[in-house]
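Engineer: Let's see this in three dimensions:
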Amino acid sequence: CRDYLAGNLTPYFETGVDTVEDAAYRLTRAAISLARSIPLGAQAYVALETVEVLRKHGLKGVYGLLLRKEFLAAADLLCRVLGINKQNWPLSVHEL
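Structural biologist: Numbering: from 1, shown residues only. Now for the predicted structure:
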């Protein structure tokens with residue numbers, strides 16, 4: 001407070017330690033934004049979304065993807081067990 005009132009503030013700054021994780025984070029952000037700016041095929045789009053989920057949510061995102069696949073497999077098994085034929089009665093997963 002004394003230095004502020006005297007008008008003699010010493011500037012403090014952070015040296016900015018750039019870790020490998022910081023560089024990898026910036027690189028994935030740049031790659032995702034570059035990939036979104038060009039037209040992609042379906043497989044590349046799925047890969048891009050997976051990388052973005054992993055970047056944003058980490059392992060919890062991976063677990064969510066795995067659980068979603070397990071749910072879809074369970075719904076498919078339920079259709080086969082109940083004898084629901086897609087030609088006779090087309091249902092989506094949301095309608096089950």
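Engineer: Show me where this structure has its helices.
Structural biologist: Taking DSSP state H as the test, the helices found in the chain are 2-6, 20-36, 42-57, 59-82.
Engineer: Any chance of these in CSV with distance to residue 12 and mean neighbour count as columns?
Structural biologist: Heads up, the C-betas are built off the backbone N, CA and C, glycines and all. Converted to CSV, those look like this (distance: least, C-beta to C-beta, whole Å; neighbours: other C-beta atoms under 10 Å):
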stretch, distance to residue 12, mean neighbour count
helix 2-6, 12, 8
helix 20-36, 21, 11
helix 42-57, 32, 13
helix 59-82, 37, 11
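Engineer: Export these to a markdown table and append columns for mean pLDDT.
Structural biologist: Converted to a markdown table, the helices of the chain look like this (pLDDT from 0 to 100):
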| stretch | mean pLDDT |
| --- | --- |
| helix 2-6 | 82 |
| helix 20-36 | 86 |
| helix 42-57 | 80 |
| helix 59-82 | 76 |
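Engineer: Same list (the ones you listed) but as TSV, adding distance to residue 13.
Structural biologist: Putting these into TSV (distance: least, C-beta to C-beta, whole Å) gives the following:
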stretch	distance to residue 13
helix 2-6	16
helix 20-36	17
helix 42-57	29
helix 59-82	35
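Engineer: Disregarding flanking residues, what is the spatial nearest neighbour of the spatially most central residue of the chain?
Structural biologist: With distances taken as C-alpha atoms, centre = their mean, residue 53 lies nearest the centre of the chain, 1.2 Å away. Excluding the flanking residues, the one nearest residue 53 by C-beta to C-beta, 6 or more residues apart in numbering is residue 61, at 4.1 Å.
Engineer: Residue 29 now?
Structural biologist: Leaving aside its sequence neighbours, residue 29 sits nearest to residue 55 (C-beta to C-beta, 6+ apart; 7.5 Å).
Engineer: what's that neighbour in contact with, if anything?
Structural biologist: Shown in contact with residue 55 (C-beta atoms under 8 Å, 6 or more residues apart in numbering): 25, 28, 29, 32.
Engineer: go again using 10 Å as the cut-off
Structural biologist: 24, 25, 28, 29, 31, 32, 61 (C-beta atoms under 10 Å, 6 or more residues apart in numbering).
Engineer: Next, work out how far apart the second one and residue 52 are.
Structural biologist: Separation of residue 25 from residue 52 (C-beta to C-beta, to the nearest Å) stands at 12 Å.
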